[in-house]
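J.: Predicted coordinates and the sequence they were generated for:
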Amino acid sequence: MTDYQRTVAVMTLHNSPNYGSCLQTYATQTVLSDVGVTPRIIDYYREDAIPENETDRALNGQLVKKMPIFRLPGMKALARIPVSRIVARRAASLNEFRCSRLDLTDHKYYSYEDLEADPPQADIYCTGSDQVWNSVWNKGFNKAFYLEFAPAEAKRIAYAASIGKSSLEEWEKVPMREALLKYSHISVREEEAVELLDSIGVHGAVHVIDPTLMLTRDDWKRIASNKRIPTQPYILIYQLNKNPQFDQYAQRISRKLGLPIYRIAYGIHEKRKGEHTIVCPRVEEFLGLFLSAEYILTDSFHGTAFSLNLGRKFIAISPGRFSGRIMNLLKMTETMNHYLDDYRNMDIVDQPFDFGRAQRVFDLKRSEAKSFLTIAANE
């Protein structure tokens, strides 16, 4: 007879339309399994993440920022069909990964009320990683990510949860404090999040690294695919925010290094002149492209994290707001010399990258996070 393994129901942003959400969820699931519990990802959708609402989300979000023509009167209505096709293509590769690699609950939850009426059964309830406590991203205080649906007596923990901003609004402090005081163990992804929670009376939170950094290069290599890797050395771009200065800088770097640019894109609208565009690669192919890149330019936190973890030369570029996560990661690994703060700086590509030092930091942080989770899940 085998020993009973406690079950953990994980609430996280697993279905945001980007590679980072898929990969952090997979890593969270893997790390929890490694400490001797059985994780199950709660298949919960915020209103804007419900499949039939994703076209509206695209038309009202980043797509409009990337394609200003949609701001003209009547253009959104005309664009609905082509945008729905872009959304479907983007979702296909991500959904394939979620269905094949994530252990999702059978029940899909499309509202908090649905969760409250029929909560998943588990021994432990866990708020997982990503910006689950960012009230800007969640458009308010989302009770689902604070496990308010769990039975009153249930054990609640948080693993690498992110607030994703440097300050809290006055209106959110009280509900956040009341919800988090029900947790027995809390870990967060940013050091300033520890201070923010302390400031509202939630003490004892622990800073841990992002779950994707808990898996080693060899771990990620095991599920990566080489199918989309270019035959010649290349610069890889993974860019989440429209930024003409970023684009122009990439071209100058390409000329300086004598390497072609390959861009991971979520749609054909992200194509740039003078670049090769890889539209919506499978998640496993996304990993393969990172693993084999000669150089990486990114404004993404997870793009920066994978560059560091996989030992690739990189330049991290600020995404604007919510850039604290990238800065924390670079400071922790002493790689601030790879952060671009001046688009005139072409010498940054010549900065050394000590992969061994970064890995020693990650090894220590992995041990700390594993100790936290072992205690949190088994105490």
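T.: On my side now, so go ahead.

J.: so where's this structure shaky on pLDDT?
T.: By pLDDT under 70, the weakly predicted segments of the chain are 1-3, 49-89, 321-322.

J.: any chance you could map the helices in it?
T.: For the chain, helices defined by DSSP state H occupy the ranges 19-34, 54-60, 62-66, 75-101, 112-117, 170-180, 191-199, 217-223, 244-257, 283-292, 301-309, 324-332, 355-378.

J.: To residue 129, which of those helices lies closest?
T.: Taking Cβ to Cβ, helix 19-34 is the member of the helices of the chain nearest to residue 129, at 4.9 Å. C-beta here means a position set from N, CA and C on the backbone, and glycine is covered the same way.

J.: Can you list the helices and strands that that closest one packs against?
T.: Counting contacts by 3 or more Cβ pairs under 8 Å, 6 or more residues apart in numbering; DSSP states H and E, helix 19-34 is packed against strand 7-11, strand 38-44, helix 75-101, strand 155-161, helix 283-292, helix 301-309, helix 355-378.

J.: And it, what's buried?
T.: The neighbour-count check on helix 19-34 (16 or more other Cβ atoms under 10 Å) flags 19-32 as buried.

J.: quick check: angle from it to helix 301-309?
T.: If you take axes from the mean of the first three to the mean of the last three Cα atoms, to 10 degrees, helix 19-34 sits at 60 degrees to helix 301-309.

J.: thinking again about what came up before, and which of the buried residues of helix 19-34 is nearest to residue 363?
T.: Taking Cβ to Cβ as the measure, residue 31 is the one of those closest to residue 363, at 14.4 Å.

J.: and the gap between that closest one and residue 267?
T.: Using Cβ to Cβ, to the nearest Å, residue 31 is found at 32 Å from residue 267.

J.: Kindly report the same for residue 187.
T.: 35 Å.

J.: So between these two, which is more surrounded?
T.: For the pair residue 187 and residue 267, the greater number of neighbours falls to residue 187 (23 against 20), based on other Cβ atoms under 10 Å.

J.: can the helices and strands packed on helix 19-34 go into JSON lines with extra columns for distance to residue 180 and mean neighbour count?
T.: Formatted as JSON lines, these follow (distance: least, Cβ to Cβ, whole Å; neighbours: other Cβ atoms under 10 Å):
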{"stretch": "strand 7-11", "distance to residue 180": "14", "mean neighbour count": "23"}
{"stretch": "strand 38-44", "distance to residue 180": "18", "mean neighbour count": "22"}
{"stretch": "helix 75-101", "distance to residue 180": "28", "mean neighbour count": "16"}
{"stretch": "strand 155-161", "distance to residue 180": "8", "mean neighbour count": "27"}
{"stretch": "helix 283-292", "distance to residue 180": "31", "mean neighbour count": "21"}
{"stretch": "helix 301-309", "distance to residue 180": "23", "mean neighbour count": "26"}
{"stretch": "helix 355-378", "distance to residue 180": "14", "mean neighbour count": "16"}
